[in-house]
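Student: model the structure of this input:
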Amino acid sequence: MSLPELTEKGTSTRQIPLAKFIDNVESFIGSSNPDQVQEKMQELHSKYNFMFSNLRRQREATFVKLPDLKSALQSVQQLRAKQEAANGEDVQLYYQLSDNLYAKAAVPKTDMVTLWLGANCCLEYTLDEAETLLNKNYKAAKDLIDSLESDLNLIREQMTTTEVNIARVHNWAVMKRNAEKAEAAKSASSKE
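Tutor: Presented below is the predicted three-dimensional model:
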């Protein structure tokens, strides 16, 4: 019994294999050792658990980025709106120095902003380019979170199916052993 016999080809974007539900345990196991089949199912369950942990970690890391992207986008939009209202004069803005400390600044009319890209890298963009880039990144992050959520739900279903299969194989093996013991006891008592 191998793992491919326990799964089907997945249809998700990440090609997550789908766990097969075992309708007839006896015909599925056949001449295989039930303990080995159960061991392979436990291995499959562990792999699903590993995938689930990685995708959840990725979703959380992406989710943490959303407020920063939204804040940067709102800052660019606010700068544009204030500059349009100021009619060419300096714009008075408050900017964050640390968590609870803000400073006031007079910003001359400009059509350029600098965006922090990470990894000690900043680039200067026009307001239009910055807004387009931030909108694109925000939408991509939201789409990624939705995709990850969908895949996490799929993995949860596969884990449940695998757990049910493990329980069914275990119960079948116990019933088979009990039947064998009863048969052995019956044949031993008939010999006496």
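Student: please report how far residue 45 lies from residue 36.
Tutor: Residue 45 sits at a distance of 15 Å from residue 36 (criterion: CB to CB, to the nearest Å). Glycine gets a C-beta too; all of them are placed from N, C-alpha and C.
Student: with neighbour numbers in mind, choose between the two.
Tutor: The neighbour count for residue 45 versus residue 36, taken as other CB atoms under 10 Å, is higher for residue 45 (20 against 11).
Student: can you tell me which residue is nearest the centre of this structure?
Tutor: Central residue of the chain (CA atoms, centre = their mean): residue 55, 2.8 Å from the mean position.
Student: tell me the secondary structure for it?
Tutor: Following DSSP: H, G, I helix; E, B strand; the rest coil, we place residue 55 in the helix state.
Student: after the lowest-mean-pLDDT helix or strand in the chain, next one along is what?
Tutor: Ranked by mean pLDDT, DSSP states H and E, the helix or strand of the chain with the weakest confidence is helix 3-6, at a mean of 69. Using DSSP states H and E, the helix or strand that follows helix 3-6 in sequence is strand 7-8.
Student: pLDDT of that following strand, averaged?
Tutor: Across strand 7-8, pLDDT averages out at 79.
Student: centre of the chain versus the next helix or strand along the chain from it, how much separation?
Tutor: Tracing the chain C-terminally past strand 7-8 and defining elements by DSSP H and E, one meets strand 18-19 next. Relative to its chain's centre, strand 18-19 lies at 17 Å (CA atoms, centre = their mean, to the nearest Å).
Student: which residues sit against strand 18-19?
Tutor: Strand 18-19 has contacts (CB atoms under 8 Å, 6 or more residues apart in numbering) with 6-11, 44, 48, 158, 161-162, 165.
Student: pLDDT averaged over that strand, what's the number?
Tutor: For strand 18-19, the mean per-residue pLDDT is 90.
Student: can you flag the buried ones in the contacts of strand 18-19?
Tutor: Buried by 16 or more other CB atoms under 10 Å: 6-7, 44, 48, 158, 161-162, 165, out of the contacts of strand 18-19.
Student: can you name the two of these that sit furthest apart?
Tutor: Maximum pairwise distance among those (CB to CB): 11.8 Å, between 48 and 165.
Student: so what's residue 80 closest to, chain neighbours aside?
Tutor: With sequence-adjacent residues excluded and distances taken as CB to CB, 6 or more residues apart in numbering, residue 80 is closest to residue 127, at 5.2 Å.
Student: residue contacts, that neighbour?
Tutor: 76, 79-80, 111-113.
Student: got it, and residue 150?
Tutor: Residues near residue 150 by CB under 8 Å, 6+ apart: residue 12.
Student: any idea whether it is helix, strand or coil?
Tutor: On the basis of three-state DSSP, residue 150 is classed as helix.
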